[in-house]
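Student: Everything below, folded, please.
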Amino acid sequence: MQCNSRMFLGSLAGVVLLAIGPFALQAAVEQVSPVGGETVRLLPDEQIKIMAMPTYAERLAALKADLEKPHDSRCYGKNRDKKWRVSKPLVLRWRATEGEKGPWLVKIGKQPDLSDARDFWISASTPKSRSEKGGVRFKWTVPFANLEIGRTYYWKIWSNVKCPTWGCPSTIDAACPCGKGPKAHSSGIASFVTDGQPPRWIAIEGRTSNIRDLGGWKTRDGRRVRQGMLFRGQGLNDNSVSGVRKGRNRLMVEDVEYFTKTLGIKTDLDLRSKVEIADLSESPLGPGVAFIPRSSPAYKGIFSSSKGENDLKSRGKQIMAENFRVFCDEKNYPIYFHCIGGADRTGSLAYVLNGILGVDRHDLETDWESTFYPDRLPELRKEYTGPEYWCGENHFNDGFSQYGDAGTSWNDRIELYLLDCGITKEEIAKFRSIMLE
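Tutor: Numbering: from 1, shown residues only. Purely as a prediction, here's the structure:
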C-alpha cells in the first residue's frame, strides 16, 4: 500500500507540473524578445524610405508632398521629430514567475560573456506588465541605448536585485546579507543583431542633439567605416551671449560620464568662432578631454584660399588641413567634433572625412541632408533665394567639381581637394588605416 501511495503521489506531481506549463520548469526570469539572433531595426521607416531614394530631387519632392498633406497639428507637430535624427527605441520583453519583481538590472553588451556590458537599472514600477498564465510579462523601452549598427548584442536580466531593507548591500545572484531580502534571480543570456543601415544616432539626456557616429557607412571598395571613433553633433554648451563669457553647459552629469567613459571621447574639436566660445578654455566634458577650438568655415568657404590673409573666409583650405590633421593622430581618438547646431560647419567637415574614406556620393549627400529632414532643406525654407543661398549641396557640387575631369570619381575629386589643401598622401593613408575596418 505504501509503495502504491508513492507511485500515486509521483504520478500526481507529474500531472501538476505538466498542467503548470513549461515556463514553471524554467528560470524565474526568461527573455521573450529580442532573442535567438533576432534582427532589431534601428532607424524609423521614414528615414530609411527617404534615404533610399536615388536623387535629391526625388527626396525633396517626397518631403514636400508629406509636408503638404493635411495633418492633425495636435499630434503631427509634436511627434514629427520622433521620425528624424533619432533611432527607433530598443524594446525588451521578458516573463517572470509570480512574485518576481524589481528593481531590475539589465546588462547589454557585444561580448557573449557581457564583460563589456552597460548596466541599465529599472525600478519595480517602470516596466509595463500584464499577468498571463504562469506568471507576468514585462515590456520596457531602453533609454539611450545608442546601439552600434550591424552588430551582435547579448543581454541578461536580473530581478530582486535590491534588498528592501535600507542600506543592505545586496549582490547579484546571491541572497541579501541581512537575510531579509529575496535572492536575486536571473535569466539566461540572449542575443540579437542590429540592422546595418546607417546613420547611428546618439541620444543623451541634456540639450545637445543631432549627434551621430560617423562610422557604419560602406565604402566603394566594400569596406566599412569604423564605428565608435568619430562622433559629430551640436555644441556641448550654448554660444556666448556677450562674446566675453562662455555660454551655459548643455550636458547632464550622466552625459559627461557617457561621453568620457562609454564612448571614451579623448578630443573635443570645436569649430565655432571665438565670439561664440568666448572664454571657454576647457571642454565641457572636463579636463581629461583635449580641447581644440578652431574657427572653421562651411560650404563654399572650405574651398577658399588667399595667402597672406587672416580672414576666415579666405583661409578655408588651410583650416581644412589643420582640422584634417587632428584625425591623422591615433592618440586623439575617439573624437567629438561640432559647431553649435552640428549642421553646416560640422556637416561640411563630415562630408570631406567620409568622402576621403570612400563613402559614395549618394550616401554623403543623404547623410548631410538627414540633419535637415523633414522641412529645413534649403529649397523648403521660406528664406531660400536660389543657388547662391549660403547653405546647400550645390556648394559641395561646385567646389569638388573643380578637381579632376569628367572621368574622375567623386571620391577622387575629394582626395584631389585635400591634396590641394596641403594634405599629403601619407596623411590620407594614415587616416584611412585608422578609420576603415
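Student: The lowest-mean-pLDDT helix or strand in the chain: what's the following helix or strand?
Tutor: Within the chain, no helix or strand scores below helix 2-20, which has a mean of 43 by mean pLDDT, DSSP states H and E. With elements assigned by DSSP states H and E, the helix or strand that comes after helix 2-20 is strand 29-33.
Student: So what are the sheet partners of the next helix or strand after that next one and their directions?
Tutor: Moving toward the C-terminus from strand 29-33, the next helix or strand (DSSP H and E) is strand 38-40. Looking at strand 38-40 with DSSP bridges, its partner strands are strand 190-194 (parallel).
Student: report the angle between the axes of the partner strand and strand 29-33?
Tutor: Put simply, strand 190-194 runs at 20 degrees to strand 29-33, going by axes from the mean of the first three to the mean of the last three Cα atoms, to 10 degrees.
Student: Please identify the pairing partners of the following helix or strand past strand 190-194 and their relative orientation?
Tutor: Next along the chain after strand 190-194, taking DSSP H and E as the criterion, comes strand 200-202. Sheet partners assigned to strand 200-202 using DSSP bridges are listed as strand 211-213 (antiparallel).
Student: Pull the residues that contact the partner strand.
Tutor: Residues from elsewhere that reach strand 211-213 (Cβ atoms under 8 Å, 6 or more residues apart in numbering): 85, 148, 198-204, 227-228, 230-234, 342. C-beta coordinates here come from the backbone N, C-alpha and C atoms, glycine included.
Student: again, only this time at 7 Å
Tutor: Outside strand 211-213, the residues within contact range by Cβ atoms under 7 Å, 6 or more residues apart in numbering are 199-202, 204, 227-228, 231-234.
Student: Tell me the strands beside the following helix or strand past it, with direction?
Tutor: Using DSSP H and E, the helix or strand that directly follows strand 211-213 along the chain is strand 230-233. With DSSP bridges as the test, strand 230-233 is paired with strand 211-213 (antiparallel), strand 335-338 (parallel).
Student: For P112, give me phi and psi.
Tutor: phi -60, psi -30 (degrees, to the nearest 10).
Student: Would you map the helices across this protein?
Tutor: Remark: helices assigned in the chain by DSSP state H are 2-20, 45-52, 56-68, 73-79, 253-257, 274-277, 316-326, 345-357, 361-370, 393-400, 410-421, 425-435.
Student: list the helices and strands the last one packs on?
Tutor: Judged by 3 or more Cβ pairs under 7 Å, 6 or more residues apart in numbering; DSSP states H and E, the packing partners of helix 425-435 are helix 345-357.
Student: got the angle between the helix it packs on and helix 393-400?
Tutor: Here the directions of helix 345-357 and helix 393-400 differ by 50 degrees (the same axes, to 10 degrees).
Student: Report the mean confidence score over helix 345-357.
Tutor: For helix 345-357, mean pLDDT rounds to 98.
Student: Check stretch 402-412 too.
Tutor: Stretch 402-412 carries an average pLDDT of 97.
Student: Just give me how far it sits from the chain centre.
Tutor: 32 Å (Cα atoms, centre = their mean, to the nearest Å).
Student: Stretch 423-437 too?
Tutor: From the chain centre to the centre of stretch 423-437 is a distance of 24 Å (Cα atoms, centre = their mean).
Student: Repeat that for stretch 328-342.
Tutor: From the chain centre to the centre of stretch 328-342 is a distance of 15 Å (Cα atoms, centre = their mean).
Student: Just the endpoints, please. Distance across that stretch?
Tutor: By Cα to Cα, to the nearest Å, the extent of stretch 328-342 from end to end equals 22 Å.
Student: tell me the mean pLDDT for that stretch?
Tutor: 98.
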